[in-house]
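S.K.: what follows is a predicted structure for the sequence shown.
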Amino acid sequence: MAEGDGTAAETVTEPERPAGGPGDGPLPRLFALQRDARRRRMATAGALVLGTVLATFHWAGLLVGGALVGFSRPTLRRALVAGFGFGVLVLLVTAARFALAGTLGAVLATWPLVGVGVAIPLVAGPLGALARGLVRDAL
Amino acid sequence: MPSRRSVVAALLAGSVGAASLTEARRYLDGFAPLSGEVWGAATRNTNERVATPYGEGTVRYDDVGVPTIQADTEQGLYFAVGYVHAADRLFQMDLFRRRMAGTLAAAVGEQGVETDLFYTSMDFQGAAEANWEVVRDTPTGDALEAYTAGVEAYRAREGLPMEFGLLGYEPEPWTPVASMLIEKQLAWGLTGSFRSLRRATVADGLGEEVAQSLFPSRLDHDVPILRGESQIPGGGNGENGGGGNGGGDGEGSAGDSSANFDGSASSLSSWLSTFESPRGTGSNSWLVSGERTESGRPLVANDPHLTLVAPPVWHQMYQRGPGVSVDGVTFPGVPFVVIGQNRAGAWGFTNTNGDVLDVYTYEIDGDQYRYGEEWREFDTTERTVEVSGGADRTVTVKKSVHGPVIQRENATVGVAWTGLQGSRTAIAVHELDRSGNREEAVAALRKFDSPTQNVVYADREGDAFFGVTGLIPVRRTDGEVVRGDRVFDGSAREGEWPGYAPYGVPDFESGWIPFEEKPQTREPDYLATANQRLVDDPEHYIAESYAAPFRAQRIYDMLDERARSDEPFDFEYLQRVQLDTRDERAAVFTEVVLASRDAMSDRARDAADRLAGWDYRMDRDSRAALVFQLFVDHYRRAVFEETLDSAGLDDAYYPNDWVLLTLDPDSFWFRDPPAGETRERAAVVAEAMDETAAEIDEAGYETYGDYNRTAIDHPFGLGFLNYPRLPTDGSPGTVRNFRKESGAGTSFRLLARFDGDSSLGIVPGGNDGNYFSDHYHDQLDEWADGEYRPLVPTTEGEVAVRFRGEDDG
């Protein structure tokens, strides 16, 4: 999801590339991961899975998942997009669970409650991803 | 300029803080996808194996979610019933309990406060505890303990219904006293009537003549439940025990009091009316002896008319255990089948309208009231009404010798009600379920202390019974027996109830009308009950008033017609009677309407002409039925509203439709109304019909079905929880009963037979109270269309829940 929108940006020149390289500490290693397309994809996938699992236990998992997904992205802007994507994924997983239980139609009929349920991950995902802004962009 | 990091940190801290520490957290806890408590019910499956200390058992469901519960022991059976009730209706059970205990606001907030103030003041909790004292050390107590354990097994280990997530609370543990509270709710809904206070309020504000007109002590008809020889075609209605040998309408005379009421209770009376059952709550039942039927076996029919809510007030089930094989409906919260059939017989209930509540005024000085020659302290305790999201309230629960003392503005009254005592009703219903013949059933019914009910019973041996349950006080003033249709002067010790023990255990054998002296018969040929007068000349004062006789008239007309014919009664005919839609109100009044055509406007005349040649059937495709039903409502207002308004009285003071539709053209309501100008009855009819035509035009109704639609709602008021709106047949005046305005109607239809074929039954909605269940309202369409489902237990096939001994794992 967010991977696609980041592809074009990866070809952009990097005028403000942060100092440091692999092995210089956690932040440089994070930046290195964020700049490496393959590792970034793996990290994003892991974050999506972990975030989704955490969200089944508590709503705070939506924030944590958003943050994890965000930190797999090289910039705040891309982190926010990825956080939103995480929210969409959570909704899809939720819908699939309801569909398997045969209650999706009944759930969709619970307006306005279902509206609240839809809004929560779409806000919480980007909100968690906002944590990416606590450190510099990697690009 | 702040750095990005500081801005982001502030945003994150603010957002997470707001999510965690404000009202937003409730929404997140409830509605977050994957973890939200509200959605849990949409994906949850209950455990298929449940540990029980009471022996093995199983639950199987049929295609509409009606469970068949089988167990090796009786307590195992009731454990399983508790588990099933909790699985299907836990929120409803908790809501009922909260309402009666006065703890509703702790769950629902401010909107529950008024209810809590009343119910706390009445101390139904104390009454329920007295009930448990009576029941605890009996086999019924053991059954209730097992039932409680079953509810708890579900509550503690399974997910909660979505309503708890919506309100953000978890239910307290279930207890036997909670089951007793449910029983109190049933009794209160059927006998908690402040009619005498309303009558006194009207007498005080508008005069005795108006009070007598609005609240007549007797309606002029000839279809009591037990009819005399002259009222039966061909004679012979069996022996009518208990009736026919008294003088007048019980002891004393009607309407000869209210002078001791100081008249300051208009506000109190109106407030108390909001805690009574909806207007017109009633029921039908009838039985036909085997001598009259095709099969030679008796037939029994019953359809109680209660508030229609989602989920329904009844939970249908089949119970199978040692000594128990019973099918029918239970109240969620109590394990026993109230209406139904067992291997021996079938039974049903209708409301007697017994007068078992009295209101008292006092001479008061501070915290004391005069009682005869002495001054007594009110028994006073402070209770806190907890309010979710609002300020808690403190209620002073005050009691006199009569029971709770209710205060509103400047008015204070004491209330005596038979249901405030411990009762054996749970024992009675438990034993009724297990009864093996008529004598055992009648022995059980003798213990049915509250509420007062007309019971019909018949069994496969051909034995039958009609009688009246419930303790009915024999009131005394200065040693003389008096009627209860007045507000008593409590300080003068008027209207005393010997044997009465509020919040305690009464002497069940003295102070009350003896069971055998209430109207009853063991040899009915056929009889019908529709909340009408029991007998024309009762030996004792039983009720302040009875229901309008429209339904009773129609049932007896149909039963008489068949009895007069050469054809025996059969099951199909019983069904025809139960679904009959002829409105006797229309038969009484249509001619009056048509005779008033000359006084009508053109549009009113056009509407009225629809009634010409009409068959009086309140069917959904009828335009005449639409006109008539709306007309009655407008005519009621046209006759009474101005007068009641002038005294500050609301529509709780309207009389029943028999009073309205039998008003003579020379009645003072037309010739000399207490408020407003003199009018001809025809002019009032014309005015009401004009308003009817206007309403039909404005609403765009074409037929009765456009108006007469189900409106069965969940207490939350959230649209998706309400049942779908469906057109249906019937009216407040028809046997097939549906009361659009008060949201009441047939809450269960039972047709029972003993000829080898299946009995029939149906509830208005669904058996499962969980919104996400397939059985949330899967019987509603059939109910609205007047259909039935066979009462057949599911004893083969997939087991939904298996109960195993705790050591079996």
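M.R.: Received the coordinates, thanks.
S.K.: ok, which residues in chain B are in contact with chain A?
M.R.: Taking CB under 8 Å from any CB of the partner chain, the part of chain B that reaches chain A is made up of B:4-5, B:7-9, B:11-12, B:15-16, B:19, B:27-29, B:31-36, B:38-39, B:42-43, B:166, B:718-720, B:771-772, B:774. C-betas here are computed from N, CA, C, even on glycine.
S.K.: and those residues, which of them are buried?
M.R.: B:8-9, B:12, B:15-16, B:19, B:27-29, B:31-36, B:38-39, B:42-43, B:166, B:718, B:720, B:771-772 (16 or more other CB atoms under 10 Å in any protein chain shown).
S.K.: distance of the residue nearest to B:E158 when sequence neighbours are not counted relative to B:V801?
M.R.: Leaving aside its chain neighbours, B:E158 sits nearest to B:T46 (5.3 Å; criterion: CB to CB, 6 or more residues apart in numbering or on different chains). Separation of B:T46 from B:V801 (CB to CB, to the nearest Å) stands at 7 Å.
S.K.: for chain B, what are the nearby residues on chain A?
M.R.: A:52, A:55-59, A:61-63, A:76, A:90-91, A:93-94, A:97-98, A:100-103, A:106-107, A:109-111, A:113, A:116-118, A:120-121, A:124, A:127, A:130-131, A:133-135.
S.K.: just the buried subset of the residues you listed, please.
M.R.: A:52, A:55, A:59, A:61-63, A:76, A:90-91, A:93-94, A:97-98, A:101, A:103, A:106-107, A:110, A:113, A:116-118, A:120-121, A:124, A:127, A:130-131, A:133-135.
S.K.: longest helix anywhere in chain A?
M.R.: helix A:76-101 (DSSP state H).
S.K.: which residues does the helix or strand just after that helix contact?
M.R.: Counting by DSSP states H and E, the next helix or strand C-terminal to helix A:76-101 is helix A:104-108. The contact list for helix A:104-108 (CB atoms under 8 Å, 6 or more residues apart in numbering or on different chains) reads A:95, A:98, A:114, B:39, B:42, B:771-772.
S.K.: how far does helix A:104-108 sit from the chain's center?
M.R.: On the basis of CA atoms, centre = their mean, to the nearest Å, helix A:104-108 sits 26 Å off its chain's mean C-alpha point.
S.K.: state the mean pLDDT of it.
M.R.: Helix A:104-108 carries an average pLDDT of 93.
S.K.: same question for stretch B:453-465.
M.R.: 95.
S.K.: report the secondary structure state of the residue nearest the centre of chain B.
M.R.: Taking CA atoms, centre = their mean, the centroid of chain B lies closest to B:L306, which sits 4.3 Å from it. Three-state assignment for B:L306 (DSSP: H, G, I helix; E, B strand; the rest coil): strand.
S.K.: one more: B:H221?
M.R.: Going by three-state DSSP: B:H221 is coil.
S.K.: what about it, distance to chain A?
M.R.: Distance, B:H221 to chain A, by CB to the nearest CB, to the nearest Å: 48 Å.
S.K.: just give the nearest non-adjacent residue to that residue, would you?
M.R.: In space, B:H221 is closest to B:P549, 4.2 Å off (CB to CB, 6+ apart).
S.K.: surely that neighbour meets B:T529?
M.R.: No: applying CB atoms under 8 Å as the test, B:P549 and B:T529 come out as separate, 11.4 Å apart.
S.K.: who has more neighbours out of the two?
M.R.: B:T529 (30 against 22; other CB atoms under 10 Å in any protein chain shown).
S.K.: wait, the more buried one touches B:F466, no?
M.R.: Yes: using CB under 8 Å, B:T529 makes contact with B:F466 at a distance of 7.4 Å.
S.K.: list the residues that contact both of the two?
M.R.: Joint contacts of B:T529 and B:F466 (CB under 8 Å, 6+ apart) are B:225, B:454, B:456.
S.K.: just grab the bridge partners of the second one for me.
M.R.: Read it as B:N454. Taking DSSP bridges as the rule, B:N454 bridges to B:T350, B:V468.
S.K.: residues in contact with it?
M.R.: Counting by CB under 8 Å, 6+ apart, B:N454 has contacts B:225, B:285, B:349-352, B:466-468, B:529, B:531, B:534.
S.K.: assumed B:R476 was part of a helix.
M.R.: No: applying three-state DSSP, one finds B:R476 to be strand, outside a helix.
S.K.: if I look at it, how far off is B:P498?
M.R.: B:R476 is 7 Å from B:P498, by CB to CB.
S.K.: so between the two, which is more surrounded?
M.R.: The neighbour count for B:R476 versus B:P498, taken as other CB under 10 Å, is higher for B:R476 (17 against 13).
S.K.: number of nearby residues for the residue lying closest to that one once chain neighbours are set aside?
M.R.: Closest residue in space to B:R476, ignoring its immediate chain neighbours: B:E496 at 5.3 Å, by CB to CB, 6+ apart. Residues lying near B:E496 (other CB under 10 Å) number 24.
S.K.: any idea how far the nearest residue to A:F84 once chain neighbours are set aside lies from chain B?
M.R.: The shortest distance from A:F84 to any non-neighbouring residue, by CB to CB, 6+ apart, is to A:P126 (5.1 Å). Using CB to the nearest CB, one gets 10 Å for the distance from A:P126 to chain B.
S.K.: which helix or strand contains B:S179?
M.R.: Assigned by DSSP H and E, B:S179 falls in helix B:176-191.
S.K.: and that helix, what other elements does it pack with?
M.R.: Applying 3 or more CB pairs under 8 Å, 6 or more residues apart in numbering or on different chains; DSSP states H and E, one finds that helix B:176-191 makes contact with helix B:74-101, helix B:124-135, helix B:139-157, helix B:425-434.
S.K.: buried sites along the third one?
M.R.: Going back to what we said before, that points to helix B:139-157. In helix B:139-157, counting by 16+ other CB under 10 Å, buried: B:140-155.
S.K.: low-confidence ranges in chain B?
M.R.: Where chain B drops to pLDDT under 70, the residues are B:229-264, B:280, B:807-809.
S.K.: oh, I was asking about chain A
M.R.: In chain A (pLDDT under 70), the answer is A:1-24.
S.K.: circling back: for B:E544, state which of the buried residues of helix B:139-157 is nearest.
M.R.: The shortest approach to B:E544 among the buried residues of helix B:139-157 belongs to B:T140, at 31.7 Å (CB to CB).
S.K.: right, I'll leave it there.
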